[in-house]
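Colleague: Dropping a prediction and its sequence here:
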Amino acid sequence: MTLPRTAENALLAEAGEGTRVQLQQIVKSYAGNTVLHGVDLDIAPGEFVSLLGPSGCGKTTLLRVLAGLEIADDGAVLLGGRDVSRVPTNKRDIGMVFQSYSLFPHLRVVDNTAFGLRRRGVSKADAAKRSLDALALVGLADFADRLPHQLSGGQQQRVALARALVTEPKVLLLDEPLSALDAKVRVQLRDEIRRIQLRLGITTVFVTHDQEEALAVSDRIAVMNSGRIEQIGSPEQLYTTPATADVAAFVGLSSVVAGVAEGDHVTVWGQRLPLQAPADGPVDVFIRPENVRFAGEADAATDALVEESTFLGSVRRTLVRTESGELVRLQHSPGIRPVFGDRVRIALVPEPVAVHPRG
Amino acid sequence: MTTITQERADAVASALSPGSAPRARVRRSTPSWAWLGLVPFAAYVVLFLAVPTILSIGSGFFAKDGSFTWTNVAALGDPLVLNTFANSAGVSLLTAFVGALVGALVCYAMLGLNPEGVVRRTVDAAAGVLAQFGGVMLAFVFIATIGIQGVVKVFLQESFGIDIFANGTWLYELPGLILPYIYFQVPLMVITFMPALAALKPQWSEANLALGGTRSSFWLRIGIPVLSPSFLASLLLLFANAFSSYATAAALASQGSQIVPLQIRAALTSETVLGRENLAGALALGMIVVVGIVMALYSLIQRRAARWQA
Amino acid sequence: MNPLAPSRVTRSVIGVLVGAFFAIPLLATLLYTVRMPDGTYSLARWAGLFDPGMAATLKPIWTGLGNSLLLAIITVAIVLLILAPTMILVNLRFPKLRPAFEFAALLPISIPAIVLVVGLAPIYLQIGRTLGTGAWTLAFAYGITVLPFAYRSIQASIDAVDMRTLAEAARSLGAGWPTVVLKVLAPNLRQGLLAASLISVAVVLGEFTIASLLNRQVFQTAMVVVQKQDGYLPAIFTLLALLFCFVLLLVIGRAARGTRKARS
């Protein structure tokens, strides 16, 4: 896919600074259930932030409040410093891509893409030219005359993206845009979205329940649960220093085991591990799968029973249950092939770990 | 090795040896009895649908003595017959339009209502009943309402001095068909059109907003264009429905033949129409051509519309 | 909340206006049957249904109703014993024939009853000679009339159930074909079969065209005959029939919901 040179591609030529997005103390309830408990989110211009969490955590609601499709019960939405809480959706100057195909079925691809421009009074000819540039950006310039039902799912979402971007909105909002697509297309498209976002420098909010997706594309990730942001940080931060057990389990599949912390180290299964931050007393310890290994007789280790083992190509992941009943996940070379029911011994690699006080 | 194993070994060996013909017998599926199972239905449909239709249309081409003739079919060009067809088409077109518009409004009013809720269910059931409402019973209802002794007619006359039959009792003539026909056209429209309206995705509305459109621009640029094929298809269905209708007219107009079905009645009950006897067949031919074309168009448009609803 | 939905006000206005258009004739009919020439209201005419003195006038209606009910039963039998098994057969064994089958089943919509009856006349002449001129023979024609409606109901049920997989599962567990059809498929198609039957009953009770032009006495033709003597009786029976059909369709709707809940 060759992108037209910047000078000819109007969309790329206009790539600018990006807009700051702020959500302040957003509260939202439905029929007595509070879905958002005073959420705060500050997004820098041009930043790509993902809202990550399980179903029902409120991430989509937060996005829709930002879009104006829902009105918050309390709190403020600011775009570029301007309070748009009371501004209707069609005046907020946003670009939105929905999960299921929202292309208008009766319009050709180019007319779909030009729709927002036409609503803003752009002439038919200009709108068409700019739409073709946007379509070139997503690699679908040749499909301009097709109808949506003639396109694959991935192609339709690309058109939806072009349509959202061509009006050069202040912020790009994506509501699980890849969830309905095949795995392979999903990976391709998410990388493309990120590439385009970086070139255009547009502030982007991306909702997903897939942690791998969020890790791959985001500048920062906000992990949400039950209407609150549990932690917000870069992918590396969330991965290595999860703030809560939920974040640890959700991002990167950590295991949670019991340990006793003493200042700069923690003891797990008779083994001493350095701590990322000082702590004392009984703690939950978050162990990454790649930091657990099968131990030899001489090592300080614990016995465990294999529950399941999955071959993933370059690695193998095995789930074991220790004698104290803890479930621990190991990631190891495929050469070792544990089988359900095997007795094994596992030990920990002495990497610094994150902990959370228990109780 | 036991003899059994030896035999198996031999069998395998012989099967695998080069040049040996494949031993396995192909299990022939015997679906012949299954084809037999289609016969009852096929025979039934041929005997009671295909044959009558052919007889019906074909009879127009034969004179009473059995000889082939064009005179009956030619009679379709007679001004009287053409007038009848025009009447039928006119009433059908009018009631189809009114029924389609009102029905579409009803569907719109029901948008967003819980499909399991009381209102939706009652309307669905009511629409089902009224669309099926035997034509004769419909006639009775309207006679009771705006007939000479009709409740509403009497009420208007006594309370407001309005005599709806000042210029003749039109209920028993052509104009009298309009209100009863609308009465079953609207429910039929609701049944036929509701799926199309329900298939309008809320995402389109939200995408429209996100792109800067308004509610009215949504209906103007998206809603109505997307719904047009289904609306047209339903319109055609309503037209065919009214055109084919016999019972209401027969019950209201015990004599007379202002629309095609009534003219067929006249031809069948041996009132000589235009002095020809097998006119019924010719009229049937004419009717089938009209309804056939309309229904062919209907299924064509419906199939295209279904693409957008998926 | 569906963003496309109209406001409460719009809904109510449409509801009231259209509702009035449909309610007024029905209410008028009711009033018609209870209003006496002197302006008072009484249920005398309704009571007259049970009055022996009215028996003679009512006789055609009872005869016609009886015939119609008999016809309904026979027509439902045709639907359940000829149409349904054939549909099962086509869906299981001859899936390629489905479009042709659907075309045939929906054809009666395009062939108006008034056209059909022109061709049925000679056929029924023959039937009259062999099977007699009883009204019950009309059921053969009625089976065709209800074909589109019955087909749609049953096919919807078939589509919802994935008959193929059920049949294959049953066969793999050792069931013979009769068992498969009667014990595995039919119970799952119950809702569609019920809907098809009830709609057939409704259609048969309301049928007029074919019966009247083939000179047989059914419910509708009887009412037309009686109307010439007593204009109020047909109105009463119309209201009763309407109520009956409304209840029928609510039952269909309830049956549909019942099966749906069990599935989720």
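Modeller: Sure, I can see it.

Colleague: contacts, neighbours, all on C-alpha from now
Modeller: OK.

Colleague: so A:Ala180, which of the three states?
Modeller: coil (DSSP: H, G, I helix; E, B strand; the rest coil).

Colleague: count of residues packed around B:Gly147?
Modeller: Neighbour count for B:Gly147, taken as other Cα atoms under 10 Å in any protein chain shown: 23.

Colleague: was I right about it contacting B:Phe155?
Modeller: No - using Cα atoms under 8 Å as the test, B:Gly147 is too far from B:Phe155 to be in contact (11.7 Å).

Colleague: check contacts around the residue in the stretch 201-350 of chain A that chain C sits nearest to.
Modeller: Closest contact between the stretch 201-350 of chain A and chain C, by Cα to the nearest Cα, is at A:Gly227 (20.8 Å). Going by Cα atoms under 8 Å, 6 or more residues apart in numbering or on different chains, A:Gly227 touches A:34-37, A:39, A:57-59.

Colleague: Give me the phi and psi angles of the closest residue to it other than its chain neighbours.
Modeller: Residue nearest to A:Gly227 in three dimensions, not counting chain neighbours: A:Leu36, with 4.1 Å by Cα to Cα, 6 or more residues apart in numbering or on different chains. A:Leu36 has phi and psi values of phi -130, psi 120 when expressed as degrees, to the nearest 10.

Colleague: And A:Ala114, how close does it get to chain B?
Modeller: Applying Cα to the nearest Cα, to the nearest Å, the value for A:Ala114 to chain B is 10 Å.

Colleague: Now for that residue, how many residues are close by?
Modeller: A:Ala114: 29 surrounding residues under other Cα under 10 Å.

Colleague: My guess is it contacts A:Arg163. True?
Modeller: Yes - A:Ala114 is within contact range of A:Arg163, at 6.7 Å (criterion: Cα under 8 Å).

Colleague: what touches both of the two?
Modeller: By Cα under 8 Å, 6+ apart, the residues touching both A:Ala114 and A:Arg163 are A:Ser131.

Colleague: List the buried residues in the lengthiest helix in chain C.
Modeller: For chain C, the helix that runs over the most residues, judged by DSSP state H, is helix C:232-263. Buried residues in helix C:232-263, counted by 16 or more other Cα atoms under 10 Å in any protein chain shown: C:232-239, C:241-242, C:245-246, C:248-253, C:255-256.

Colleague: and it, how far from the chain's centre?
Modeller: 10 Å (Cα atoms, centre = their mean, to the nearest Å).

Colleague: quick one: the most centrally placed residue in chain A and chain B, what's the gap?
Modeller: Per Cα atoms, centre = their mean, the C-alpha nearest to the average position across chain A is that of A:Ala214, at 2.6 Å. Applying Cα to the nearest Cα, the value for A:Ala214 to chain B is 24 Å.

Colleague: Dig out what the closest residue to that residue other than its chain neighbours forms beta bridges with.
Modeller: Among residues not flanking A:Ala214 along the chain, A:Ser50 sits closest, at 6.0 Å (Cα to Cα, 6+ apart). Judged by DSSP bridges, the bridge partners of A:Ser50 are A:Phe206, A:Ile221.

Colleague: check contacts around A:Ser50.
Modeller: Contact analysis of A:Ser50 by Cα under 8 Å, 6+ apart lists A:205-208, A:214, A:218, A:220-222.

Colleague: do the same with A:Gly263
Modeller: A:278-280.

Colleague: Just the buried ones from those?
Modeller: In those, burial by neighbour count holds for A:Ala279, counting by 16+ other Cα under 10 Å.

Colleague: Narrow the contacts of A:Gly263 to those in strands?
Modeller: The strands, defined by DSSP state E, take in A:278-280 from the contacts of A:Gly263.

Colleague: Closest to B:Ala125 out of the residues you listed?
Modeller: A:Ala279 (68.3 Å; Cα to Cα).

Colleague: got the phi/psi numbers for B:Gly134?
Modeller: Main-chain torsions, B:Gly134, degrees, to the nearest 10: phi -50, psi 130.

Colleague: Disregarding residues adjacent in the polypeptide, which is nearest to it?
Modeller: Computed as Cα to Cα, 6+ apart, the closest residue to B:Gly134 that is not its neighbour in sequence is C:Gly206, at 4.2 Å.

Colleague: what about that neighbour, how many neighbours?
Modeller: Using other Cα under 10 Å, C:Gly206 has 25 other residues around it.

Colleague: can you pull the pLDDT of it?
Modeller: Note on C:Gly206: pLDDT of 89.

Colleague: Tell me the spacing between it and B:Gln302.
Modeller: Note on C:Gly206: its distance to B:Gln302, by Cα to Cα, to the nearest Å, is 28 Å.

Colleague: And for C:Ala211?
Modeller: In terms of Cα to Cα, C:Ala211 sits 33 Å off from B:Gln302.

Colleague: From the chain's centroid, how far away is stretch A:276-283?
Modeller: Distance of stretch A:276-283 from its chain centroid, counting by Cα atoms, centre = their mean, is 29 Å.

Colleague: And the lowest mean pLDDT element among the helices and strands of chain B?
Modeller: None of the helices or strands of chain B scores lower by mean pLDDT, DSSP states H and E than helix B:3-16, at a mean of 51.

Colleague: for the very next helix or strand once past that one, what is the average pLDDT?
Modeller: Following helix B:3-16 in sequence order, the next helix or strand is helix B:32-45 (DSSP states H and E). Across helix B:32-45, pLDDT averages out at 87.

Colleague: now stretch A:73-87
Modeller: Mean predicted confidence for stretch A:73-87 is 93.
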